[in-house]
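Trainee: Here's a sequence, model it:
(one chain, ligands or ions: 1)
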Amino acid sequence: MRVQINGNFLELKVGDITQDTADAIVNAANGSLMGGGGVDGAIHRAAGPGLLEECKKVRKEQLNGELLPTGKAVITQGYQLPAKFVIHTVGPVWYGGIKGEPLLLQDCYRHSLQLAENNGIKSITFPSISTGVYGYPVELAAGTALQAIVEFLREESFGTVAMMLFSENDFTRYQAALQKLMG
Ligand code: ADP
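Mentor: Numbering: from 1, shown residues only. Predicted coordinates:
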């Protein structure tokens, strides 16, 4: 599914984000930036050891050894990935919606898109942030994620933003949310 917004494109796809040929892919990282399970592990495996080395450097030099806060984003090269860049963002853990999860999830998308734009990136692909191990219900995450992307594209001349869903079920949820948003 593909819609046009203010001269930009927003696409929903199904597949493995590590194979994606956008300028940048987004990693649903954890604050340590040291890799993990799910999409994070898949991206690190496909990118090769250079990615972890650069993540260690970012932790030390940009974050002064601290964790990357939830909702914030940093950028690295893509190493052995088809994508030139990886943008790492930390999604909120779902605590039932009482800990500001929607605003934090919006922040992930907004900050990733801003960072992409600042680096001259014209195409970017996101996974479904927080809806795996972090437990965010996919039908709620879909509306919040797509709203943040649509708001950004209405304001900016960016290019193409894609969501890479990892199952047909997730794709159906995001498709329904996008149809609702586009009226
Ligand atoms: P989080 O900790 O943010 O919940 P996860 O990696 O556990 O992150 O899950 C986020 C989403 O990424 C889930 O929908 C999961 O199915 C999906 N996912 C896992 N591997 C891949 C992959 N290779 N490509 C695209 N999406 C993936």
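
Trainee: check contacts around the residue lying closest to residue 167 once chain neighbours are set aside.
Mentor: Distances taken as Cβ to Cβ, 6 or more residues apart in numbering place residue 14 nearest to residue 167, at 7.3 Å, with adjacent residues excluded. For the C-beta atoms, the positions are set from N, CA and C on the backbone; glycine is no exception. Listed by Cβ atoms under 8 Å, 6 or more residues apart in numbering, the contact set of residue 14 reads 164, 165, 166, 167, 168, 170, 171.

Trainee: Pairing partners for residue 14 in the sheet, please.
Mentor: residue 165 (DSSP bridges).

Trainee: State the distance from it to residue 177.
Mentor: 15 Å (Cβ to Cβ, to the nearest Å).

Trainee: same thing with residue 84?
Mentor: 29 Å.

Trainee: Okay, helices next: where are they in this structure?
Mentor: Remark: helices assigned in the chain by DSSP state H are 38-47, 49-61, 101-118, 138-155, 168-182.

Trainee: With mean neighbour count and distance to residue 3 added, can I get the ones you listed in JSON lines?
Mentor: Output for those, formatted as JSON lines (neighbours: other Cβ atoms under 10 Å; distance: least, Cβ to Cβ, whole Å):
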{"stretch": "helix 38-47", "mean neighbour count": "19", "distance to residue 3": "24"}
{"stretch": "helix 49-61", "mean neighbour count": "15", "distance to residue 3": "32"}
{"stretch": "helix 101-118", "mean neighbour count": "20", "distance to residue 3": "16"}
{"stretch": "helix 138-155", "mean neighbour count": "20", "distance to residue 3": "9"}
{"stretch": "helix 168-182", "mean neighbour count": "17", "distance to residue 3": "6"}
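
Trainee: Nearest to the ligand among these would be which one?
Mentor: If you check each of the helices of the chain against the ligand by Cβ to the nearest ligand atom, helix 38-47 wins as the nearest, at 2.2 Å.

Trainee: which helices and strands does that closest one pack with?
Mentor: The contact analysis (3 or more Cβ pairs under 8 Å, 6 or more residues apart in numbering; DSSP states H and E) places helix 38-47 against strand 24-29, helix 49-61.

Trainee: Would you format those as CSV with distance to the ligand included?
Mentor: Shown next, in CSV, are these (distance: least, Cβ to the nearest ligand atom, whole Å):
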stretch, distance to the ligand
strand 24-29, 4
helix 49-61, 14
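
Trainee: if we compare these, which one ends up closest to residue 101?
Mentor: Comparing the helices and strands packed on helix 38-47 against residue 101 with Cβ to Cβ, the closest turns out to be strand 24-29 (14.1 Å).

Trainee: With that, I have no additional questions.
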